[in-house]
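In: Structure here, sequence nowhere to be found:
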């Protein structure tokens, strides 16, 4: 898809790469969000795909919104485009991972947090500074309390202060933090730990985890068990994995 103006999009199974390319700050306008939505929706049904990686060109991941699109006349269209972007990310079957090599603030932070995993460079900073512009971020208002609890979410939203990658990791917002010089190398090693697994089982694992969100433990477990019994155990790869373990050999995935 070489018609995109604001992103680079590469698909080479088992990995898809979506790269923000709107220098110098990779701010989001309506056109960029529409492109991200189109790219993510195009990945549905690609059986060999195992992961979608979101990153950015330049020194920054993204500093958020394009302020010029927040005029009274244009903001409704902008919000709708953002809603569709988050929806397309949410319904993507494969795991998603954000690579934060630099600052991720505002809508950039929200989109990273909406991914299933985050890897960050030690020099990265995260935060929601919208309050300083007289705004609040709807996606963060909905998502942050579920990620880190209400008290810390209030602090980040109401002060607008940024936090370091290490602090974000301590709060459970970031999975791993790597030194800047080794960030790309370590991120690739981490991604390979995921792509070494069956594409179909990765999809079903994500589906099972998402199925229990918002329910009690027992209700969530029942929903995950239905995916396990009615879908997972009918796949080639689940049965191959068990057989390979019993035979003491590496499994041979067919991603089915």
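Out: Right, received. Where do you want to start? Keep in mind the model is a prediction, meaning the values are calculated, not measured. Residues are numbered from 1 along each chain as shown.
In: okay, now the domains of this protein?
Out: 7-195, 199-247 (automatic domain parsing).
In: hey, which of those is tucked in deepest?
Out: domain 7-195 (a mean of 18; mean count of other C-beta atoms under 10 Å). The C-beta positions use only the backbone N, C-alpha and C, and glycine is treated the same way.
In: Run the chain-centre distance for it.
Out: Mean-position distance between domain 7-195 and its chain equals 6 Å (C-alpha atoms, centre = their mean, to the nearest Å).
In: what about that domain, start to end distance?
Out: One end of domain 7-195 to the other measures 23 Å (C-alpha to C-alpha, to the nearest Å).
In: Tell me if residue 79 really is in a strand.
Out: No - going by DSSP: H, G, I helix; E, B strand; the rest coil, the assignment for residue 79 is helix, not a strand.
In: which ones are touching it?
Out: When contacts are counted by C-beta atoms under 8 Å, 6 or more residues apart in numbering, residue 79 touches residue 138.
In: circling back: per-stretch mean pLDDT over the domains of the chain, give me the minimum one.
Out: Lowest mean pLDDT of those: domain 199-247, a mean of 88.
In: coming back round to it: include distance to residue 254 when you put the domains of the chain into a markdown table, please.
Out: What follows is these, written out as a markdown table (distance: least, C-beta to C-beta, whole Å):
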| stretch | distance to residue 254 |
| --- | --- |
| domain 7-195 | 10 |
| domain 199-247 | 5 |
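In: Point out the one among those that comes closest to residue 255.
Out: Evaluated over these, closeness to residue 255 peaks at domain 199-247, with 3.8 Å, by C-beta to C-beta.
In: Now do the end-to-end distance for the closest one.
Out: Start-to-end span of domain 199-247 (C-alpha to C-alpha) is 22 Å.
In: ok so, going back, and residue 253, which of the domains of the chain is closest to it?
Out: Among these, domain 199-247 comes nearest to residue 253, with 5.2 Å by C-beta to C-beta.
In: Report the contact partners of the residue nearest to residue 145 when sequence neighbours are not counted.
Out: Sequence neighbours aside, residue 153 is the residue nearest to residue 145 in space, at 4.4 Å (criterion: C-beta to C-beta, 6 or more residues apart in numbering). Contact analysis of residue 153 by C-beta under 8 Å, 6+ apart lists 140, 144-145, 147.
In: And residue 154, how close does it get to residue 144?
Out: 9 Å (C-beta to C-beta, to the nearest Å).
In: for residue 119, that is, sorry about that
Out: Relative to residue 144, and taking C-beta to C-beta, residue 119 is found at 19 Å.
In: The stretch 1-150 of the chain: strands as residue ranges?
Out: 7-12, 15-20, 51-56, 96-100, 104-105, 117-121, 125-127 (DSSP state E, counting those that start in this stretch).
In: Reformat those strands as CSV; add distance to residue 240.
Out: As requested, the strands of the stretch 1-150 of the chain are exported to CSV (distance: least, C-beta to C-beta, whole Å):
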stretch, distance to residue 240
strand 7-12, 24
strand 15-20, 22
strand 51-56, 20
strand 96-100, 25
strand 104-105, 38
strand 117-121, 25
strand 125-127, 40
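In: can you tell me which of those comes nearest to residue 200?
Out: Residue 200 lies closest to strand 51-56 among the strands of the stretch 1-150 of the chain, at 13.4 Å (C-beta to C-beta).
In: Show me what the closest one is packed against.
Out: Of the remaining helices and strands, those touching strand 51-56 by 3 or more C-beta pairs under 8 Å, 6 or more residues apart in numbering; DSSP states H and E are strand 15-20, strand 96-100, helix 183-195.
In: Now tell me what touches the helix or strand just after the last one from outside.
Out: Right, the one you point to is helix 183-195. Where DSSP states H and E defines the elements, the next helix or strand beyond helix 183-195 is helix 199-211. Identification of contacts with helix 199-211 by C-beta under 8 Å, 6+ apart yields 14, 47-51, 93-95, 116, 194, 220, 223-224, 226-228, 231-232, 235-238, 241, 253, 255-256.
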